[in-house]
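Q: need coordinates for the following:
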Amino acid sequence: MSRRSGVLEFAVLGLLRESPMHGYELRKRLNTSLGVFRAFSYGTLYPCLKTLVAQGWLAEETTSDDPLAAPLAGRRAKIVYRLTSAGKEHFEDLLAQSGPDAWEDEQFGVRFAFFGHTERDVRMRVLEGRRSRLEERLEKMRASLARTRERLDDYTLELQRHGMESVEREVRWLNELIETERAGRGRAKGRPADQGRDDTNPTDTTK
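A: The predicted structure is shown next:
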């Protein structure tokens, strides 16, 4: 499984944990709630859904507003995807993971969206890991800028500075979140993934 497909599967399972959805609604939620998926297509989503159904983590249910009229009109009934008991257990296992993959740009943004369902100690490990990863990135960016500053034109130099400022902002944001968690003021478990959030991607940093 590629890292990209793994992130999508995690997001699909997380959204369906809240309620069953058909493909169109699920794609809309992925687009609006999780900025990292704004550019993906049905051609990406449906193979993922079929894989999750085959693994027993999702179940398909056929629905229609008018089941008698639909066949006569040539309309296709909608397929609603529902998380199975095995799917819920698998999602809980994924939520408990806090290794390096959870700190990367794409993975972290999606993991953060489901922090409301994540145990506090796992949230802390992911936040601290992400901060450590960004601090390493920032150190490398500063060292690179110091070596090449004299050879860069004004626009390239400004772009480098903008990238560093983006990383510095996220580090400050992570520091605030970590302090909030340590003080026991983390958001309650079970909070919907997109409630109270805007479409800003918290991981929009220059690599």
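Q: now this structure, which segments are flagged as low pLDDT?
A: 1-4, 35-42, 64-76, 185-207 (pLDDT under 70).
Q: who's in contact with the residue nearest in space to the middle of it?
A: The chain has Val110 as the residue nearest its centroid, 1.3 Å off, counting by Cα atoms, centre = their mean. Contact partners of Val110, counting by Cβ atoms under 8 Å, 6 or more residues apart in numbering, are Val7, Phe10, Ala11, Gly14, Leu34, Val36. Heads up, the C-betas are built off the backbone N, CA and C, glycines and all.
Q: mind checking which of these are in helices?
A: In this view, the contacts of Val110 that belong to helices under DSSP state H are Val7, Phe10, Ala11, Gly14.
Q: what's the closest of those residues to Arg142?
A: For Arg142, the nearest member of those is Val7. The distance, counting by Cβ to Cβ, is 29.1 Å.
Q: one step back: who wins on neighbours among the contacts of Val110?
A: Leu34 (26 neighbours; other Cβ atoms under 10 Å).
Q: tell me the buried residues in whatever helix or strand His162 lives in?
A: In this structure, His162 sits in helix 154-182 according to DSSP states H and E. The neighbour-count check on helix 154-182 (16 or more other Cβ atoms under 10 Å) flags Gln160, Gly163, Met164, Ser166, Val167, Glu170, Val171, Leu174, Leu177, Ile178, Glu181 as buried.
Q: any idea how far the fourth one is from Asn175?
A: In this case it means Ser166. In this structure, Ser166 and Asn175 are 15 Å apart, going by Cβ to Cβ, to the nearest Å.
Q: cool, the last one as well?
A: Glu181 sits at a distance of 11 Å from Asn175 (criterion: Cβ to Cβ).
Q: what is the nearest of the contacts of Val110 to Tyr46?
A: If you rank the contacts of Val110 by distance to Tyr46 using Cβ to Cβ, Ala11 comes first, at 14.6 Å.
Q: tell me the contacts of the closest one?
A: Residues counted as contacts of Ala11 (Cβ under 8 Å, 6+ apart) are Leu30, Leu34, Phe37, Val110, Ala113.
Q: check Gln160 too.
A: Neighbours of Gln160 in contact, by Cβ under 8 Å, 6+ apart: Met141, Ser144, Leu145, Leu152.
Q: same check, this time on Arg111
A: With Cβ under 8 Å, 6+ apart, Arg111 has these contacts: Phe10, Ala102, Thr118, Val126.
Q: nearest to Pro47 among those residues?
A: Pro47 lies nearest to Phe10 out of the contacts of Arg111, by Cβ to Cβ, at 15.5 Å.
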